[in-house]
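Undergrad: Sequence first, then the predicted structure, then my questions.
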Amino acid sequence: MKILGIESSCDETAAAIVEDGRRLLSNVVNSQIDIHAVYGGVVPEVAARSHIEVINPVINQALTDANCTWDDIDGIAVTYAPGLIGSLLIGTLAARTLAILKNKPLYPIHHVEAHVYANFLNEKTPEFPMLALIVSGGHSQLVLFRDHGDYELLGQTCDDAVGEAFDKVAKIIGLAYPGGPSIAAAAKNGNPLAYKLPKSKLSGAYDFSFSGLKTAVLRAVQNEVGVDITFPSTQLAGLLTDARRNDFAASFQRIAVETLVDKTERAYFDFDVKSVIIAGGVAANSELRRILSDRIPVNIDYAPMNLCTDNAAMVATMGYYYALKNQPTSPYDLEVAPSLSMAKSA
């Protein structure tokens with residue numbers, strides 16, 4: 001079964017074709033990072049316009065790369081939630097139109113859940129029950145999967161997602177957007193013990209919080225450069241030396257990663273799981289991968305770096321498993337759900 005996946009929840013326009021949920025035939029991603037880097041973050045209206053411009057060429061390229069025609073496609077999977085409403089509308093409109101014109105079944109896919117399925121394209125398929133740490137710019141969640149579509153949300157962030165915290169801290173210390181790769185690169189030249197930063201203590205055993213850590217970095221930078229808390233955060237970066245900037249990046253990354261790993265390690269020992277995976281853009285962080293592998297006594301087969309960030313391969317892969325257990329959705333009825341959490345869709 002060949003599934004065409006379409007992804008447009010934020011600032012990547014992507015299409016991919018996956019066969020039988022295991023074999024990646026094509027994976028096309030048109031990134032808008034350079035466009036939004038000027039603004040220091042994603043501008044929803046700009047993202048939507050860019051999707052409109054490239055959605056059809058991206059889908060056609062995915063078919064070409066896979067050496068497929070529409071006769072070879074058995075279904076269309078599309079991200080319908082969560083995400084930016086304008087971006088979601090472009091992807092779902094394209095998918096709905098194609099489902100009608102080409103007479104193909106349509107499968108609505110939850111973006112956050114789909115991140116998990118990038119790991120099913122590894123040589124070794126994860127086994128259930130499976131613990132998934134899903135971490136990105138918009139999401140930080142710990143989920144127990146008992147089977148495809150059968151999962152329990154154990155914990156999530158109470159405020160900022162960890163990827164969002166990376167972006168905000170990068171801006172404070174003067175590193176480029178997106179913050180994850182910038183901080184990881186700077187941290188390699190810094191001392192992770194240079195600054196003492198706090199770990200949030202929460203009542204939920206598996207919940208996260210990163211807002212306090214972000215504020216702690218801001219206060220530490222203000223203190224380091226000798227200004228009070230009224231000094232504008234946007235002007236702090238110019239007062240930092242490269243050495244201090246690297247030390248702040250390393251110190252922040254250490255606490256952010258340890259926060260994620262602490263909760264994942266606890267859940268691993270609390271539940272009898274056979275597999276542990278990490279998913280989402282922050283899953284590409286090499287320090288997170290290293291510490292998680294050190295702390296959890298199970299072999300972790302990480303998804304390829306290019307499948308950690310937003311892509312349609314994960315959507316197509318999940319679409320295959322979704323199609324095995326669910327009826328397709330009418331293309332005339334599918335609506336986007338920009339704020340739908342995994343807890344609500346379980």
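TA: Thanks, I have the structure now.
Undergrad: Moving C-terminal from the top helix by length along the chain, which element do we reach first?
TA: Identified as the longest helix of the chain according to DSSP state H is helix 242-270. Under the assignment DSSP states H and E, the closest C-terminal helix or strand after helix 242-270 is strand 275-279.
Undergrad: Convert that next one to PDB, retaining C-alpha atoms only.
TA: Taking Å, rounded to 0.1, in the frame of the first residue of the first chain, the C-alpha atoms of strand 275-279 are listed here in PDB:
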ATOM      1  CA  SER A 275      10.800   0.500  23.300                       C
ATOM      2  CA  VAL A 276      11.800   4.100  24.000                       C
ATOM      3  CA  ILE A 277      11.800   6.700  21.200                       C
ATOM      4  CA  ILE A 278      12.200  10.500  20.900                       C
ATOM      5  CA  ALA A 279      10.400  12.400  18.300                       C
END
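Undergrad: Work out the sheet partners of that strand and label each with its direction, please.
TA: Strand 275-279 has its sheet partners listed here by DSSP bridges as strand 130-135 (parallel).
Undergrad: packing partners for the helix or strand following the strand it pairs with?
TA: Using DSSP H and E, the helix or strand that follows strand 130-135 in sequence is strand 140-147. In terms of contacts (3 or more C-beta pairs under 8 Å, 6 or more residues apart in numbering; DSSP states H and E), strand 140-147 is packed against helix 111-116, strand 130-135, strand 150-156, helix 242-270. For glycine as for every other residue, the C-beta is placed from the backbone atoms N, C-alpha and C.
Undergrad: Could you tell me the average pLDDT over strand 140-147, please?
TA: Strand 140-147 carries an average pLDDT of 96.
Undergrad: Check stretch 206-215 too.
TA: pLDDT averaged over stretch 206-215 gives 95.
Undergrad: For it, measure first residue to last.
TA: 22 Å (C-alpha to C-alpha, to the nearest Å).
Undergrad: which other residues reach it?
TA: 140, 142, 154-162, 164-165, 168-169, 172, 197-200, 202, 252, 255-256, 259-260, 263, 266-267 (C-beta atoms under 8 Å, 6 or more residues apart in numbering).
Undergrad: Next, format the helices and strands packed on strand 140-147 as CSV and append mean neighbour count and distance to E53.
TA: Shown next, in CSV, are these (neighbours: other C-beta atoms under 10 Å; distance: least, C-beta to C-beta, whole Å):
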stretch, mean neighbour count, distance to E53
helix 111-116, 27, 21
strand 130-135, 26, 30
strand 150-156, 18, 34
helix 242-270, 20, 35
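Undergrad: Any chance of a markdown table for those, columns distance to L292 and mean pLDDT?
TA: Shown next, in a markdown table, are these (distance: least, C-beta to C-beta, whole Å; pLDDT from 0 to 100):
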| stretch | distance to L292 | mean pLDDT |
| --- | --- | --- |
| helix 111-116 | 15 | 95 |
| strand 130-135 | 8 | 96 |
| strand 150-156 | 16 | 95 |
| helix 242-270 | 5 | 97 |
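Undergrad: As TSV, those with distance to A187 would be great.
TA: As requested, those are exported to TSV (distance: least, C-beta to C-beta, whole Å):
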stretch	distance to A187
helix 111-116	23
strand 130-135	17
strand 150-156	25
helix 242-270	4
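Undergrad: Which one of those lies nearest to D310?
TA: helix 111-116 (7.8 Å; C-beta to C-beta).
Undergrad: Quick one: residues in contact with the closest one.
TA: Contacts of helix 111-116 (C-beta under 8 Å, 6+ apart): 7, 9, 79, 81-83, 132, 134, 136, 139, 141, 143, 145, 151, 277, 279-280, 283, 308, 310, 314-315, 317-318, 341-342, 345.
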